[in-house]
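Colleague: need the 3D shape of this:
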Amino acid sequence: MNLHELVEDTYAEGFRSIYGEILITARDQNWLEKAVNAVTGHASSTILCDCEAGVSEWIDKDAALGGATPDSRPGAVIQFHVPRFRKDRREHLEKVMLARISQNVLTCPTARCFNRLETEDYYKLGRKIAFFGDGHQFRDSRYGIKGWVIPILGGEFFLSRRFGFRDGVMGGNLWFLGETEEAALIAAERAAEAAEATPGVITTFPGGVAASGSKAGSSYSFTIASTYAEFCPTLKEKLGETSKVPEGCNSIMELIVNGRDLDALKIATKNAILAAAPTPGLMRISAGNYNGRLGKSFVHLHELLDA
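Modeller: Numbering: from 1, shown residues only. Model prediction:
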């Protein structure tokens, strides 16, 4: 297989974010997954969601007992990203984390919540969420962490006092052009699995795959994104020469990756390419870019292959 022929000589266009990162632990994997599913719900795209959220790392029982979590219980590391171009980005991210932790982690049986970013600037989320205790909350140090304890009907809820945030990157992407929908999807599934195993990154769409990749802008003034018509296989005949769908391609699936920095995105992108490349029926691997309209964080695909 010649990867330079399969992979288009182009780049993925991402953009800067600010993000918060938390660790959730629970009594067992069952309740941990319920907390994770709730706190990352409706967070696939900031086009209409309040943030983009996903799992950066799962910590199993054995790793937890080995010291990977403060309370020796299984855990999951979650990232919440919002675009850095928002003028209210700092305040907005705090609202996002306040709502999602208080409504989806505090409420989940046996869950606890720990900060993962020690930064100079931070949110006093522990204190704000602890007001739910209605005067019965108190500060304490548990598991080597300074935090707040909130008496609840299920027992007690513990969370860190402060939660940091820092710059990250959103919008890393790859496109998988297939002869069939099945081929494009299998390639994207393999890519998503490889990307999700890469430290420091998250995928946010269902299964890590977006079937409706979009472009920035729209012919309608009330929306900021729309279908990328030039790459819709069913519009090939209608658009004629302006269509960019190659002959024989009948489906394009997209992988979207956010992460702590551009280096993490590059590693995840390369891992995704190598995992997807052997897929039968995969015609081409490409990426979405918009001539800098979306952002200035570029991942050049052939540079990854040559690194």
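Colleague: so how far is the helix or strand bottoming out on mean pLDDT in the chain from its chain's centroid?
Modeller: Sorting the helices and strands of the chain by mean pLDDT, DSSP states H and E puts strand 214-216 at the bottom, at a mean of 86. Its chain's C-alpha centre and that of strand 214-216 lie 18 Å apart, by Cα atoms, centre = their mean, to the nearest Å.
Colleague: and if you look at stretch 177-195?
Modeller: 18 Å.
Colleague: residues of that stretch that come out buried?
Modeller: Buried residues in stretch 177-195, counted by 16 or more other Cβ atoms under 10 Å: 177-178, 183-195. No exception for glycine: its C-beta is placed from N, CA and C like everyone else's.
Colleague: in the stretch 1-150 of the chain, mark out all the strands, start to finish.
Modeller: For the stretch 1-150 of the chain, the strands defined by DSSP state E, counting those that start in this stretch occupy 11-25, 52-59, 75-83, 112-115, 122-123, 138-142, 145-152.
Colleague: can I get the CA coordinates of the last one in PDB?
Modeller: Right, strand 145-152. C-alpha atoms of strand 145-152 as PDB (Å, rounded to 0.1, in the frame of the first residue of the first chain):
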ATOM      1  CA  ILE A 145      -7.400  16.600  47.500                       C
ATOM      2  CA  LYS A 146      -8.800  19.800  48.900                       C
ATOM      3  CA  GLY A 147     -12.500  19.900  48.200                       C
ATOM      4  CA  TRP A 148     -16.100  20.400  49.200                       C
ATOM      5  CA  VAL A 149     -18.400  17.800  50.700                       C
ATOM      6  CA  ILE A 150     -22.100  18.100  50.000                       C
ATOM      7  CA  PRO A 151     -24.600  16.000  52.000                       C
ATOM      8  CA  ILE A 152     -27.000  14.300  49.600                       C
END
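Colleague: circling back to that earlier point, other SSEs contacting the least confident helix or strand of the chain?
Modeller: Packed against strand 214-216 by the contact rule (3 or more Cβ pairs under 8 Å, 6 or more residues apart in numbering; DSSP states H and E) you find strand 225-227.
Colleague: centre of the chain versus the strand it packs on, how much separation?
Modeller: Distance, centroid of strand 225-227 to centroid of chain: 20 Å (Cα atoms, centre = their mean).
Colleague: could you shift the numbering so residue one becomes 131, and keep it that way?
Modeller: Right, with 131 as the first residue, what we last looked at is strand 355-357.
Colleague: neighbouring strands - and their directions - for it?
Modeller: strand 344-346 (antiparallel) (DSSP bridges).
Colleague: ok, residues contacting the strand it pairs with?
Modeller: 177, 354-358, 418, 420, 423-424 (Cβ atoms under 8 Å, 6 or more residues apart in numbering).
Colleague: let's go with 7 Å and repeat that
Modeller: 355-358, 420, 423-424 (Cβ atoms under 7 Å, 6 or more residues apart in numbering).
Colleague: go on, stretch 205-225?
Modeller: 145-155, 162, 166, 169-170, 176, 181-189, 194, 199, 226-227, 230, 246, 253, 295, 297-298, 300, 332, 388.
Colleague: could you turn the buried ones of these into a PyMOL selection?
Modeller: Those of these that count as buried under 16+ other Cβ under 10 Å are selected in PyMOL with:
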select buried, resi 145+146+147+148+149+150+151+152+153+154+155+162+166+169+170+176+181+182+183+184+185+186+187+188+189+194+199+226+227+230+246+253+295+298+300+332+388
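Colleague: tell me which residues of stretch 380-398 come out buried.
Modeller: In stretch 380-398, counting by 16+ other Cβ under 10 Å, buried: 380-390, 392, 394-398.
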